[in-house]
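Chemist: Okay, sequence plus prediction incoming.
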Amino acid sequence: MKPGDSPTTEQLRDVLMQSVEVARAGQKEKPPIDPPARLKQVLTFKKFSERAMDQVREVVESDEEFRDRVVDASSEKDMGRVGWLWLTRPDGWQQESAELTAEAQRKSEAAADAQKTQELEQRLQRAEAAQKKADNQRDKASRERDEARIQAAQARTEVRRAEEEAQRLVAELDQARAALDAAESNSARAQRKQNRTDEKLRSAVAQVDRLKKQLRDSREQHGEEVSSLKARLAVAEDEVAMARAVGFELPPEVEPKPATPLLTKRTPVPMPGGLLNDTPEAAEFLLRQVPEVVVLVDGYNVTFKNWEKLPLQEQRHRFLQKMEELSARYTGAEFVVVFDGTETDYDYISTTARSLGVTVRFSQPGVTADDYIINQCDSHPLSRQLVVVSEDGEVRERARDRGANLVHPRKLLEIMGLEVEYPDSWTGFGDR
């Protein structure tokens, strides 16, 4: 039998523990049977380490008399074929033990291979499901983009038609004003009604001007509203004629103040001609040109791209130094950097950085930085423009739905003047 073919101590654990129990039982007999001296040291153990088991094995192998006692108190059923062969040691036991050990090893390896194969198949199934989900999302986004383009084209057509109609109405208003001027000239012949006629004409002119303004503002309104304004204009003209005829004075009307339109949804800042979304140039435009823009940054999303091998606290320290430089360049922007998890020893951020509009936040337990950023999108007034810096597809989609402009972390690193030190950490992310 080769040395490597001998059963391992782990394979003999049942035999060795049975040997310990035999020794313990012998101590309780009357008169007591003393166990081997080296075995007596471990009989009080409740748990047997690998070293203790090796010691028991050495005693059983070297003390034939004690081994016979264990054989008398045991059976093959109690300890398995390999353990029984090692304990009883019949002729040829080493060869049979080696064969059984090798067979057990083969079965163990086969079971391990089967387990690994099953795990790989499960991973493949999950990957295929994820791919299918991504394909469905891409198809959905494509359909939504096409629908948005069709709706935009329809809206442009409607706006163009409304503008053409408004221009026609303005021409009619000019004709009405010319007629009014003629009426005003004729009224000079009626000296006795001059004062009352002038007052009436001034009131009529004011009404016509208001109607003209309403018609101009109605370029994007429905055709029925335009028709209503035309009817009101005709009535006003009739009233002018009647006033001239009877000399009736109309009280002047107070010009209403225009209502401030109520915002119902935030819309992303459009890029000027020649700029593409999610580029370094677009990011610089948003930070420099958009007044009081709020920039929400997923901190670790950025730091893992340039300082991945550093401890988290050092990553934060270096990134916040760069954010301080960035805030000094773009003084009109407000920067909010969000990190996952709470931090008891809050990172140092200089007074200069805070005064330049850099705020650091740690998400609360059970809340991710992603959720915190989306909550910030919802809590800011619709009048404030937002920029979200993240590579997470779901975060970007949710932020886009809330009217935020998007900047990829690597674009932020570029405008900071940094290069990605660990390109292998990128997972094939494309701009979305």
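Modeler: Structure's in. What do you need? Numbers count the residues shown, from 1 in each chain.
Chemist: where does Thr359 fall, helix, sheet strand or coil?
Modeler: Assigned state for Thr359: strand (three-state reduction, DSSP: H, G, I helix; E, B strand; the rest coil).
Chemist: Who does it form a beta bridge with?
Modeler: Val336 (DSSP bridges).
Chemist: What is the burial count for it?
Modeler: Neighbours of Thr359 under the rule other Cβ atoms under 10 Å: 14. Quick note: C-beta positions are derived from backbone N, CA and C, even for glycine.
Chemist: isn't it right next to Phe339, touching?
Modeler: No - judged on Cβ atoms under 8 Å, Thr359 makes no contact with Phe339 at a distance of 11.7 Å.
Chemist: For the host helix or strand of Ala129, which helices and strands make contact with it?
Modeler: In this assignment (DSSP states H and E), Ala129 forms part of helix 93-186. Counting contacts by 3 or more Cβ pairs under 8 Å, 6 or more residues apart in numbering; DSSP states H and E, helix 93-186 packs against helix 76-88, helix 194-217, helix 223-246.
Chemist: and the ones you listed, which one's lowest on average pLDDT?
Modeler: Ranked by mean pLDDT, those bottom out at helix 194-217, with a mean of 63.
Chemist: ok, Arg316 touching Gly299?
Modeler: Yes - counting by Cβ under 8 Å, Arg316 touches Gly299, with 6.7 Å between them.
Chemist: got any residues that touch both of the two?
Modeler: Phe339 (Cβ atoms under 8 Å, 6 or more residues apart in numbering).
Chemist: any weak-confidence spans in the stretch 301-432 of the chain?
Modeler: 342-356, 420-432 (pLDDT under 70).
Chemist: can you give me the strands in it?
Modeler: Secondary structure of the stretch 301-432 of the chain (DSSP state E, counting those that start in this stretch): strands at 334-339, 358-362, 386-389, 405-407.
Chemist: Is it possible to get the ones you listed out as TSV so that each row also shows distance to Leu173?
Modeler: Formatted as TSV, those follow (distance: least, Cβ to Cβ, whole Å):
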stretch	distance to Leu173
strand 334-339	46
strand 358-362	53
strand 386-389	42
strand 405-407	41
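Chemist: measure Leu275 to Gln125 for me?
Modeler: Look at Leu275 and Gln125: by Cβ to Cβ, to the nearest Å, they are 43 Å apart.
Chemist: Neighbour count for the two, which is higher?
Modeler: Relative neighbour count places Leu275 above the other of Leu275 and Gln125, with 14 against 10, counting by other Cβ under 10 Å.
Chemist: quick one, what contacts the closest residue to that one other than its chain neighbours?
Modeler: Nearest non-adjacent residue to Leu275, counting by Cβ to Cβ, 6 or more residues apart in numbering: Ala282, 5.1 Å away. Residues in contact with Ala282 (Cβ under 8 Å, 6+ apart) are Met271, Leu275, Leu276, Asn405, Val407, Lys411.
Chemist: Tell me the one of those nearest Lys107?
Modeler: For the contacts of Ala282, the residue nearest Lys107 by Cβ to Cβ is Lys411; the value is 55.6 Å.
Chemist: burial of that closest one, as a residue count?
Modeler: 19.
Chemist: gap between Phe66 and Ile33?
Modeler: Phe66 is 10 Å from Ile33, by Cβ to Cβ.
Chemist: per-residue confidence at Leu120?
Modeler: So, for Leu120, pLDDT stands at 83.
Chemist: Kindly report the same for the one 4 residues further on.
Modeler: Per-residue confidence at Leu124 stands at 79 (pLDDT).
Chemist: same check, this time on Glu128
Modeler: So, for Glu128, pLDDT stands at 88.
Chemist: Same check on Arg145?
Modeler: pLDDT at Arg145 comes out at 91.
Chemist: just Arg51 next, same as before
Modeler: Arg51 carries a pLDDT score of 90 in this model.
Chemist: How many residues are close by it?
Modeler: 9.
Chemist: From Ser6, how far off is it?
Modeler: Taking Cβ to Cβ, one finds Arg51 at 18 Å from Ser6.
Chemist: Could you do Asp238 as well?
Modeler: Asp238 is 120 Å from Ser6, by Cβ to Cβ.
Chemist: And Ala399, by the same measure?
Modeler: In terms of Cβ to Cβ, Ala399 sits 65 Å off from Ser6.
Chemist: Pick out whichever of those two has more residues nearby.
Modeler: More crowded of Ala399 and Ser6, by other Cβ under 10 Å: Ala399, with 25 against 15.
Chemist: which residues pair with the closest residue to the more buried one other than its chain neighbours across the strands?
Modeler: Closest residue to Ala399 apart from its sequence neighbours, by Cβ to Cβ, 6+ apart: Val388 at 4.0 Å. Taking DSSP bridges as the rule, Val388 bridges to Leu296, Leu406.
Chemist: got a list of what Val388 touches?
Modeler: Val388 sits in contact with Leu296, Ile373, Cys377, Val395, Arg396, Ala399, Ala404, Asn405, Leu406, Val407, where contact means Cβ under 8 Å, 6+ apart.
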